[in-house]
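S.K.: model this:
(one chain, ligands or ions: 4)
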Amino acid sequence: MGSLASEERTVVGWAARDATGHLSPYTYTLRKTGPEDVVVKVLYCGICHTDIHQAKNQLGASKYPMVPGHEVVGEVVEVGPEVRKHSVGDVVGVGVIVGCCRECRPCKANVEQYCNKRIWSYNDVYTDGRPTQGGFASTMVVDQKFVVKIPAGLAPEQAAPLLCAGVTVYSPLKHFGLTSPGLRGGILGLGGVGHMGVKVAKAMGHHVTVISSSSKKRAEAMDHLGADAYLVSSDAEAMAAAADSLDYIIDTIPVHHPMEPYLSLLKLDGKHVLLGVIGEPLSFVSPMVMLGRKSITGSFIGSVDETAETLQFCVEKGLTSQIEVVKMGYVNEALERLERNDVRYRFVVDVAGSNIEEAAAGAPSS
Ligand SMILES: NC(=O)C1=CN([C@@H]2O[C@H](COP(=O)(O)OP(=O)(O)OC[C@H]3O[C@@H](n4cnc5c(N)ncnc54)[C@H](OP(=O)(O)O)[C@@H]3O)[C@@H](O)[C@H]2O)C=CC1
Ligand SMILES: O=C/C=C/c1ccc(O)c(O)c1
Ligand SMILES: [Zn+2]
Ligand SMILES: [Zn+2]
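M.R.: Ligands and ions are numbered 1, 2, ... in the order given. Reported below is the predicted structural model:
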């Protein structure tokens with residue numbers, strides 16, 4: 001056990017102050033280490049498209065200052081007296097959720113991400129009334145339940161995208177019984193979540209078709225990610241030729257889009273799994289689903305247990321994420337590039353290597 005801090009820690013994060021979503025250094029205090037808390041020195045943090053949705057108030061509930069970041073890998077530097085899961089020096093991960101009620105049906109079934117009292121790792125309020133702040137920061141204090149061990153064999157920067165993007169595709173494939181070899185899957189939108197979708201589905205032995213908005217990623221998808229087929233969604237002829245061919249579609253598009261072109265690709269009993277966060281109604285006519293007994297469903301990240309399982313699956317299958325590692329000073333360019341679909345396929349910020357506390361020491365605190 002490490003020594004307990006008697007004082008609240010002052011830390012530096014990079015925060016959005018308004019809906020421009022521009023991040024800049026922000027100094028704030030963390031709660032004292034509670035009995036079940038783990039203090040994590042952040043090493044790396046991935047940039048998810050949800051960070052843009054939140055920082056730019058695209059979901060309509062953003063509170064500022066907001067330090068985003070929920071694909072966090074760090075080193076344990078202190079633990080509370082009742083922490084049993086982790087020790088000082090462990091390399092660990094933190095994802096989207098840092099609290100839940102522990103009493104409701106989802107909590108009792110260990111799918112705490114579906115708890116209606118879930119606490120988000122940022123843009124939320126903790127049980128002590130303080131705002132939660134995410135992983136674009138030097139340090140986080142997190143209840144041990146929401147901290148996972150990064151297994152040996154995974155580099156910390158590689159592990160970061162698995163904590164949201166990776167588990168977000170692994171969880172629905174498992175939950176909906178879509179793990180058998182030979183299934184034919186579609187990955188709609190080849191970004192951070194989508195590229196992990198290709199890798200995880202291929203590792204399960206599926207025939208994988210990428211469905212993309214352009215042909216720009218075709219060569220990489222086929223040659224580097226191992227996809228079996230590539231469809232450009234605006235190519236009506238190719239889309240028609242692929243009708244009735246897929247057991248499932250993992251839909252990662254982050255904006256409003258038509259459903260019918262994709263529903264037509266599904267076989268009898270095919271499943272369209274919505275993952276993108278879209279604040280406008282999506283539409284389709286009912287025969288599109290009735291005539292093939294198709295399902296449209298959704299899925300939200302994965303549980304802590306599924307996150308650990310995803311990490312283990314990636315170690316066993318030798319899966320890595322394809323990342324571009326950047327320093328914190330580049331985070332605003334990275335967010336802009338992510339928004340204009342210019343990254344292959346996930347930015348990961350080297351937080352510890354960016355000396356954010358030293359860099360902010362001369363800047364005014366707020
Ligand atoms: N359900 C959940 O638990 C989770 C949800 N999310 C959400 O999933 C979505 C995707 O996240 P992430 O993978 O990080 O995002 P990325 O931006 O990395 O990837 C999204 C991909 O969608 C495609 N795309 C982007 N814009 C458009 C457009 N205007 N029309 C059609 N296709 C487009 C692009 O692929 P291409 O070039 O191939 O067309 C792009 O690479 C976001 O909404 C995010 O909030 C993220 C994590 C967890
Ligand atoms: O990136 C992880 C979070 C995803 C998310 C999914 C659904 C929703 O309503 C959100 O606010 C975030
Ligand atoms: Zn995410
Ligand atoms: Zn609950």
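S.K.: Run a quick neighbour tally on the closest residue to ligand 1 within the chain.
M.R.: Closest to ligand 1 within the chain is residue 191: 1.8 Å, counting by Cβ to the nearest ligand atom. Quick note: C-beta positions are derived from backbone N, CA and C, even for glycine. For residue 191, the tally of surrounding residues (other Cβ atoms under 10 Å) stands at 24.
S.K.: Is it correct that it is in contact with residue 341?
M.R.: Yes: with contact defined as Cβ atoms under 8 Å, residue 191 and residue 341 form a contacting pair (7.2 Å).
S.K.: Look through this protein and tell me its longest strand.
M.R.: In the chain, assigned by DSSP state E, the strand with the most residues is strand 37-47.
S.K.: Please enumerate residues in contact with the following helix or strand past that one?
M.R.: Note on strand 37-47: by DSSP states H and E, the next helix or strand toward the C-terminus is helix 49-55. Contact with helix 49-55 is made by 16, 21, 23, 58-59, 62, 66, 68-70, 96, 122-123, 164, 191-193, 254, 277, 335, 338-339, as judged by Cβ atoms under 8 Å, 6 or more residues apart in numbering.
S.K.: give me that answer again for 7 Å
M.R.: Helix 49-55 is touched from outside by 16, 21, 59, 62, 66, 68-69, 123, 191-192, 254, 277, 335, 338-339, with contacts defined as Cβ atoms under 7 Å, 6 or more residues apart in numbering.
S.K.: For the nearest residue to residue 269 once chain neighbours are set aside, pull up the helix or strand it's in.
M.R.: Excluding the flanking residues, the one nearest residue 269 by Cβ to Cβ, 6 or more residues apart in numbering is residue 293, at 5.3 Å. Assessed by DSSP H and E, residue 293 sits outside every helix and strand.
S.K.: what number of residues lie near residue 293?
M.R.: Residue 293 is flanked by 11 other residues according to other Cβ under 10 Å.
S.K.: swap in residue 283?
M.R.: Neighbours of residue 283 (other Cβ under 10 Å): 10.
S.K.: wait, is it part of a helix?
M.R.: No: Residue 283 is assigned coil when assessed by DSSP: H, G, I helix; E, B strand; the rest coil, not a helix.
S.K.: Mind pulling the model confidence for it?
M.R.: We have a pLDDT of 96 for residue 283.
S.K.: my read: residue 160 touches residue 74, true?
M.R.: No: taking contacts as Cβ atoms under 7 Å, residue 160 lies outside contact range of residue 74: 9.8 Å.
S.K.: okay, the two: which has more neighbours?
M.R.: With other Cβ under 10 Å as the criterion, residue 160 and residue 74 differ in neighbour count, and residue 160 comes out ahead with 36 against 30.
S.K.: helix/strand/coil for the more buried one?
M.R.: Residue 160 carries the three-state label helix when classified by three-state DSSP.
S.K.: so where does whatever residue of the stretch 201-350 of the chain ends up closest to ligand 2 fall, helix or strand?
M.R.: Going by Cβ to the nearest ligand atom, ligand 2 is nearest to residue 277 of the stretch 201-350 of the chain, at 4.6 Å. Following DSSP H and E, there is no helix or strand that holds residue 277.
S.K.: dump the residue contacts of it.
M.R.: Neighbouring residues of residue 277 by Cβ under 7 Å, 6+ apart: 50, 53, 59, 254.
S.K.: How many neighbouring residues does residue 232 have?
M.R.: That count, for residue 232 with other Cβ under 10 Å as the rule, works out to 17.
S.K.: what helix or strand is residue 174 on?
M.R.: Secondary structure from DSSP H and E places residue 174 in helix 165-175.
S.K.: before we move on, what about residue 250?
M.R.: Using DSSP H and E, residue 250 sits within strand 246-251.
S.K.: That strand close to ligand 1?
M.R.: No: using Cβ under 6 Å from any ligand atom, strand 246-251 stays clear of ligand 1, with a minimum separation of 8.7 Å.
S.K.: so how far is that strand from its chain's centroid?
M.R.: In terms of Cα atoms, centre = their mean, to the nearest Å, the centre of strand 246-251 is found 19 Å from the chain centre.
S.K.: Nearest spatial neighbour of residue 143, chain-adjacent residues omitted?
M.R.: residue 36 (5.5 Å).
S.K.: what's that neighbour sitting at in phi/psi?
M.R.: Backbone torsions for residue 36, taken as degrees, to the nearest 10, come to phi -110, psi 20.
S.K.: these two touch, right, it and residue 82?
M.R.: Yes: with contact defined as Cβ under 7 Å, residue 36 counts as touching residue 82 (5.2 Å).
S.K.: Do you know the pLDDT at whichever residue of the chain sits closest to ligand 2?
M.R.: In the chain, the residue found nearest to ligand 2 is residue 50; the distance is 3.2 Å by Cβ to the nearest ligand atom. What the model reports for residue 50 is a pLDDT of 98.
S.K.: Right, I'll leave it there.
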